[in-house]
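Student: Coordinates for the following, if possible.
(2 chains)
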There are 2 protein chains.
Amino acid sequence: MRTPGIGPVTYRQLIARFGTSAAALAAVPDLARRGGGKAPPLRSRDDAEREIARVEKLGAKWLALGQGLYPRLLAELEDAPPLLIAKGDLNLLDRQSVAIVGARNASAAACRFARGLAHDLGQHDLIVISGLARGVDSAAHDGALGTGTIGVIAGGIDVFYPPENEERQKALCERGLVLAEMPPGTEPRARHFPYRNRIIAGMSSGTVVVEAAPRSGSLITARLAAEAGREVMAVPGSPLDPRAQGCNQLIRDGATLVQNAADVVEAIRPFASQVRSPRVSFEPTLEQLNGHDALATVEELLGPSPVPVDEIIRLSGAPSGAVQLALLELDLAGRLERHAGGKVSLRE
Amino acid sequence: MRTPGIGPVTYRQLIARFGTSAAALAAVPDLARRGGGKAPPLRSRDDAEREIARVEKLGAKWLALGQGLYPRLLAELEDAPPLLIAKGDLNLLDRQSVAIVGARNASAAACRFARGLAHDLGQHDLIVISGLARGVDSAAHDGALGTGTIGVIAGGIDVFYPPENEERQKALCERGLVLAEMPPGTEPRARHFPYRNRIIAGMSSGTVVVEAAPRSGSLITARLAAEAGREVMAVPGSPLDPRAQGCNQLIRDGATLVQNAADVVEAIRPFASQVRSPRVSFEPTLEQLNGHDALATVEELLGPSPVPVDEIIRLSGAPSGAVQLALLELDLAGRLERHAGGKVSLRE
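Tutor: Below is the predicted model:
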């Protein structure tokens, strides 16, 4: 998962195909060669062991997709992180949760509202998830610190961002839980925040947006929640308040208007039973696919425009597993691009 | 229509049955007798002529259901007013309209919003209808005075209520239009306001609610609009603002969240073609129903609990017209109670 060019989708396909990371690692060079490219530079065992030791030294734990306490709702995402680094109370992962996100420069009223909502959701036995950012995120964590809150951060587990949240992040490591996808020491960059947002949305039965500007990160989180089939909720505001426009537009687009914790509880009720639902099953292994080499056909069907994998499978006439294998080979050869919504294209 | 005990539904049935008010008036005593009660005390021809003369002297006109410029969308209501008294520019009745209603004690921000929204709807060639009350109503009329606005009042056409709106009401008579269902000289009482609200909702393609307290008159107007199949729209506000609760709840209940005139125009577009739609047809006359006396059957089917007329028709096995006639007879005898949603019961 630290190999450049192997994203969460590719990682998941490799593990699904080969069962273990050792088998997957061994297969990568050959797969890439069959796909017509150079194998990605694999990280060394030493590198991996150094990171593992560093995480342990920080008092953090690993959560692996498909195992143990890894958040079950998050595992449903096609691009679920293969591994998460967690510091704090892992028991919080086993309970139903709601995300509260919003503007970093939110109004005092919105922060007060977020804090109160988080507190009240805690009274309903719900864990509050947010991004440990300024404004609404911080207020949400503060409101739920006594009942259970999880902060998902864009950088490494030992990096405090924004710096003024150092105490808050430490408090969450003590009394709540902090999750990071990136390795320790990673300073968060702009591209990390959407990755972080998919984890927030993916772990939660629903996402509540409190004050969000049009085209803000909070709206991305809301979109990711909707794409994952989760409840999207928004707190309305006066049309005269520019900071309310993002939320009002979300409601116009179908988000549930929520005014208090009871509204949120009512909206996410359908998800209550799914927190402990059974896990994704693994696909047939390479051996089972012997005799079905779909690589040439799949390559011919692909072009520079993204097309759904389902369509490739249908058009190829090959078994789904064989097509996936061919895509994996092209992927590891650096010749495939994966897009949102399960679409793929050939790199130019 | 000025006869105590003859409401708009009964009036409409009488006219539908007998074609003219003269024929209906002649038939009432006999119908009431057949229904087993005393005929209601009919108003004299002199009374009616006095009212007609008074309306003329006030420079107002009559609008009769089913005729001329009577508002076509309003005519679709089962309890459409048989007659309206109108003062001002009757041409406004022939254009598509939107109602804006809200709290009398609205915030300054809400009044400013209502005024701006009314102005902008005027720019979209829409007539703005409201109730000439304090607060949001007044602001809406003010905003649309230059482009076209109709005030529907609960009292008589010559009564100014609230008193401070005298100038505004006069301005609407000059540059807009004022409508009244009650006879001249009527001081509005509490029971008149819901009647007034059904006219506002009934004339409009949609109703926009701006700041409404829970259980307020504005929410009644919204409900009446929904029952008439019109678009219900609401302007959201912060959950921290108690005055926003009614509107936020409306949105939760399915009203369209609107932030500006463009949102309103988009929502009511489906109604644009209905403004000039053809009129309700009349039912078979008494002669056509000869040989079908359903009175005894209908009376037996009725009790103190309200039941839908459709159900009475179905259970009776009699033609719809015969059942309606029997109901009319019971009604005029003072023995029938008509309820919302086309339900009827026997009076205890």
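
Student: which residues are in contact with stretch A:333-348?
Tutor: Residues from elsewhere that reach stretch A:333-348, judged by Cβ atoms under 8 Å, 6 or more residues apart in numbering or on different chains: A:5, A:7, A:9-10, A:31-40, A:78, A:227, A:299, A:302-310, A:312, A:327, A:330-331. In this view, the C-beta of every residue, glycine as well, is placed from N, C-alpha and C.

Student: filter the residues you listed to the buried ones?
Tutor: A:9-10, A:31-32, A:34-35, A:37, A:39-40, A:227, A:299, A:302, A:306-307, A:309, A:312, A:327, A:330-331 (16 or more other Cβ atoms under 10 Å in any protein chain shown).

Student: can you tell me which of the residues you listed are up against chain B?
Tutor: Near chain B, judged by Cβ under 8 Å from any Cβ of the partner chain, there are no entries from the buried ones among the contacts of stretch A:333-348.

Student: The residues you listed in helices, which ones?
Tutor: A:9-10, A:31-32, A:34, A:227, A:299, A:309, A:312, A:327, A:330-331 (DSSP state H).

Student: buried ones in stretch A:19-29?
Tutor: In stretch A:19-29, counting by 16+ other Cβ under 10 Å, buried: A:21, A:24, A:27-28.

Student: so which of these comes closest to A:Ala144?
Tutor: A:Ala144 has its nearest neighbour among these in A:Ser21, at 35.0 Å by Cβ to Cβ.

Student: A:Ile15 is in contact with the closest one, correct?
Tutor: Yes - taking contacts as Cβ atoms under 8 Å, A:Ser21 lies within contact range of A:Ile15: 6.6 Å.

Student: can you give me the strands in chain A?
Tutor: According to DSSP state E, chain A carries its strands in the segments A:61-64, A:83-88, A:97-102, A:127-130, A:149-153, A:177-180, A:206-210, A:231-235, A:256-257, A:307-308, A:336-339, A:343-346.

Student: can you put those in TSV and add mean pLDDT?
Tutor: Converted to TSV, the strands of chain A look like this (pLDDT from 0 to 100):
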stretch	mean pLDDT
strand A:61-64	92
strand A:83-88	96
strand A:97-102	97
strand A:127-130	98
strand A:149-153	98
strand A:177-180	98
strand A:206-210	97
strand A:231-235	97
strand A:256-257	96
strand A:307-308	90
strand A:336-339	87
strand A:343-346	90
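
Student: Let me have these in JSON lines, adding distance to B:Arg134 as columns.
Tutor: Putting the strands of chain A into JSON lines (distance: least, Cβ to Cβ, whole Å) gives the following:
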{"stretch": "strand A:61-64", "distance to B:Arg134": "60"}
{"stretch": "strand A:83-88", "distance to B:Arg134": "55"}
{"stretch": "strand A:97-102", "distance to B:Arg134": "36"}
{"stretch": "strand A:127-130", "distance to B:Arg134": "42"}
{"stretch": "strand A:149-153", "distance to B:Arg134": "46"}
{"stretch": "strand A:177-180", "distance to B:Arg134": "53"}
{"stretch": "strand A:206-210", "distance to B:Arg134": "33"}
{"stretch": "strand A:231-235", "distance to B:Arg134": "29"}
{"stretch": "strand A:256-257", "distance to B:Arg134": "28"}
{"stretch": "strand A:307-308", "distance to B:Arg134": "58"}
{"stretch": "strand A:336-339", "distance to B:Arg134": "56"}
{"stretch": "strand A:343-346", "distance to B:Arg134": "57"}
